[in-house]
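Visitor: I'd like to go over a predicted model; first the sequence, then the structure.
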Amino acid sequence: KGWLERSELKCAMAALLGYRPSKTEVGWLQAKAGAGGRVDLGLFQQHMGAVLRARSRDEHIRQVFKALDATGQGFVSRRDLRAALAACAPQVPAATADRVFAEVDADGDGRVTLADFTSVMLFGQMASFPDHPRAPR
């Protein structure tokens, strides 16, 4: 028939994502499809491709964070970052590692959380994005 109805769309999304999509997710995709809410193969592929790429990116960020979190405490300390850089990029001076750590440690508590790390990985240095909510004022 060339398109998916709401129930078919929910099943297809669940099969690909591994969880049942919310009414909001399904409704948004149907609204994007236009009149009748019938989602054709092209729109479905485009949307699911973007979702799966984002999931892959987020998983990669989590894996890098876990590798930096040498103690497994759920945060990266200044010592963790210095050790990782010494092992992977010994030419990077400790002062540079300290500046990077200060940039990423959003609240200055000496711990880089996954949220801090993810934000920087997705948006780059906060000073470079003055409109970003975490950019220095």
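Guide: Received it, and whenever you're ready, just let me know what you need. Residues are numbered from 1 along each chain as shown.
Visitor: How many residues are close by Gln63?
Guide: 10 (other Cβ atoms under 10 Å). From N, CA and C alone the C-beta is placed, and that goes for glycine too.
Visitor: Got the confidence number for it?
Guide: Here, the pLDDT recorded for Gln63 equals 86.
Visitor: host element of it?
Guide: If you go by DSSP states H and E, Gln63 is part of helix 41-68.
Visitor: Please compute how far that helix lies from its chain's middle.
Guide: 8 Å (Cα atoms, centre = their mean, to the nearest Å).
Visitor: Give me the pLDDT for the residue nearest the centre of the chain.
Guide: Centroid check for the chain by Cα atoms, centre = their mean gives Asp58 as the closest residue, at 3.6 Å. Reported pLDDT at Asp58 in the predicted model: 86.
Visitor: Verify the assumption that Pro21 is located in a helix.
Guide: No. Assignment of Pro21 by DSSP: H, G, I helix; E, B strand; the rest coil gives coil, placing it outside any helix.
Visitor: Let me see the contact set for it.
Guide: Listed by Cβ atoms under 8 Å, 6 or more residues apart in numbering, the contact partners of Pro21 are 10, 13-14.
Visitor: Just the ones of these in strands?
Guide: Nothing among the contacts of Pro21 maps onto strands, per DSSP state E.
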